[in-house]
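Engineer: have a look; sequence and predicted model below, questions after that.
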Amino acid sequence: MSSLSIFRKVAVLEGISYLLLLFVAMPLKYFADMPLAVKYTGWAHGLLFVLYAALLVLAWQEQKWKFGKAVLIFLASLLPFMPFVVDRKLKDERAL
């Protein structure tokens, strides 16, 4: 299994964890007084974010991407829904 395929899987999981953190855990913390939702979801998201960054470096080296492309893929992890766009684009590139 290539680092790119592992990266794509982690990217999707990281995107899901980010959405859960923003749209489930944060409202539970502030509207239902359940701060543990953010603690555990945030911990999982943090771990997945670190994996995303590490695997991005491996995929960058393996795929011989330009620096700018790697930076854009990294920045995509900071925006909700963008890891799914990245996954789709990488899937389409791989099909070519």
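Structural biologist: Noted; the coordinates are in hand.
Engineer: residues contacting Trp65?
Structural biologist: Under the criterion of CB atoms under 8 Å, 6 or more residues apart in numbering, the contact partners of Trp65 comprise Ala59, Ile73. The way it works is simple: take the backbone N, C-alpha and C, and place the C-beta from them, glycine included.
Engineer: right, and the helix or strand after the helix or strand encompassing Pro27?
Structural biologist: With the criterion set as DSSP states H and E, the secondary-structure element containing Pro27 is helix 26-31. Beyond helix 26-31 in the direction of the C-terminus, DSSP H and E gives the next helix or strand as helix 35-63.
Engineer: any idea of the mean pLDDT in that next one?
Structural biologist: Averaging the model's pLDDT scores along helix 35-63 yields 97.
Engineer: buried ones in that helix?
Structural biologist: Applying a neighbour-count criterion of 16 or more other CB atoms under 10 Å, the buried positions in helix 35-63 are 37-38, 41-42, 44-45, 48-49, 51-52, 55-56, 59-60, 63.
Engineer: next structured bit after it?
Structural biologist: Tracing the chain C-terminally past helix 35-63 and defining elements by DSSP H and E, one meets helix 67-76 next.
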